[in-house]
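J.: after the sequence you'll find the predicted model.
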Amino acid sequence: MSPEVLATPVVDTVKAAPGRAHSRARAARKRKIVVTASRVLLLIAFLGVWEALSRAKVIDPFNFSMPSKIWDQIHTWLTHGTALGSLGEQIWFTLHEALLGWVIGVVAGVVFGIALGRIAFLADILGPYIKVLNSIPRIVLAPIFVIWFGLGPASKVASAVVLVFFPVFFNAFQGAREVDRNLVANARILGASDRRVTLQVVIPSATSWIFTSLHVSFGFALIGAIVGEYIGATKGIGLLVAQSQGTFNAAGVYAAMVILAVVALLAEGLLTFAERRIFRWKPSGSDS
């Protein structure tokens, strides 16, 4: 058999590979468009049914409001402000409390999680106390923080911290425990100290675990800030919710929830973008 005949299948395979990759990329783009369109249609259908049932009085429009009234409330807040000031000021006030609590909770959770994951003696001592604290419903601590720190931002930041700390801590702890022992052993053979092993092996290996908790924990930070504002505050989206509830303004309550959902989605998008930039070396779950 001639060399040309032997080389033909290899050449055909090489030529076919770009075609298959292009087909997979096109199929992935098509699927993404279909999924996005389906999500939008589902949302439109839900809002349309809600609006129709409210206008037909099948559901009580006073208690359940309707999408058109919710939009009108958001538009009013955007153009004329709220009773507490501009809407942007309320959003920033809540976001500032949530961000500060999130950062403190994440740093504390990572430090304690890595420390207890690396030091078994420390984990044995503090483990029972952390389990007890984790078993306490953190939301009920919000009134205590208001009593301790007053109506200012400190009580809301504290509420956000306790909600963020535990999911980050447990993920960092598990990530430190799941580090490949061969990597640790090889680093020690090369003369790495405990500090260098922690900084250069354990923490990078646990980063994916930590990022997994960050997506959930920012939502918890927002919840902590909102609950604290709802209980007692001078500004913020949580206070808007409390005031709307106090005046039986269902549209105002839903409008505040929509604003919070938009803020949470934007934060999730930023975290996802940062994660993809940091973990560019990881294989993607789907072709793009």
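T.: Arrived safely, thanks for sending.

J.: checking residue 233 next. Helix, strand or coil?
T.: coil (DSSP: H, G, I helix; E, B strand; the rest coil).

J.: how about the backbone phi and psi for it?
T.: Per-residue torsions, residue 233: phi -160, psi 170 (degrees, to the nearest 10).

J.: contacts only, for it.
T.: If you count contacts by Cβ atoms under 8 Å, 6 or more residues apart in numbering, residue 233 has them with 151, 156, 239. From N, CA and C alone the C-beta is placed, and that goes for glycine too.

J.: pLDDT value on the last one, please?
T.: Right, the one you point to is residue 239. Turning to residue 239, the model gives it a pLDDT of 87.

J.: wouldn't it be in contact with residue 84 here?
T.: Yes - at 6.3 Å, residue 239 and residue 84 qualify as touching, with contact defined as Cβ atoms under 8 Å.

J.: can you get me a residue count around residue 155?
T.: 27 (other Cβ atoms under 10 Å).

J.: in which helix or strand does it reside?
T.: Using DSSP states H and E, residue 155 sits in helix 153-177.

J.: now that helix: mean pLDDT?
T.: The pLDDT scores in helix 153-177 average 88.

J.: now swap in stretch 244-259 and tell me
T.: Taken as a whole, stretch 244-259 has a mean pLDDT of 89.

J.: give the buried residues for it.
T.: 244, 249-256, 259 (16 or more other Cβ atoms under 10 Å).

J.: restrict that stretch to CA atoms and write it as CSV.
T.: Extracted as CSV, the C-alpha positions of stretch 244-259 are listed here (Å, rounded to 0.1, in the frame of the first residue of the first chain):
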residue,chain,number,x,y,z
SER,A,244,-44.7,49.9,52.1
GLN,A,245,-46.0,47.1,54.3
GLY,A,246,-47.1,49.6,56.9
THR,A,247,-49.2,51.5,54.4
PHE,A,248,-50.5,48.3,52.8
ASN,A,249,-48.8,49.2,49.5
ALA,A,250,-48.3,45.8,48.0
ALA,A,251,-46.9,47.3,44.8
GLY,A,252,-44.1,49.0,46.9
VAL,A,253,-43.2,45.7,48.5
TYR,A,254,-42.9,43.9,45.2
ALA,A,255,-41.1,46.9,43.6
ALA,A,256,-38.4,46.7,46.3
MET,A,257,-38.1,43.0,45.7
VAL,A,258,-37.6,43.5,42.0
ILE,A,259,-34.9,46.1,42.7
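
J.: the nearest residue to residue 123 once chain neighbours are set aside: what's it in contact with?
T.: Using Cβ to Cβ, 6 or more residues apart in numbering and skipping residues adjacent in sequence, the residue nearest residue 123 is residue 116, 4.2 Å away. By Cβ under 8 Å, 6+ apart, the contact set of residue 116 is 122-123, 126-127, 130, 173, 176.

J.: thanks a lot, catch you later.
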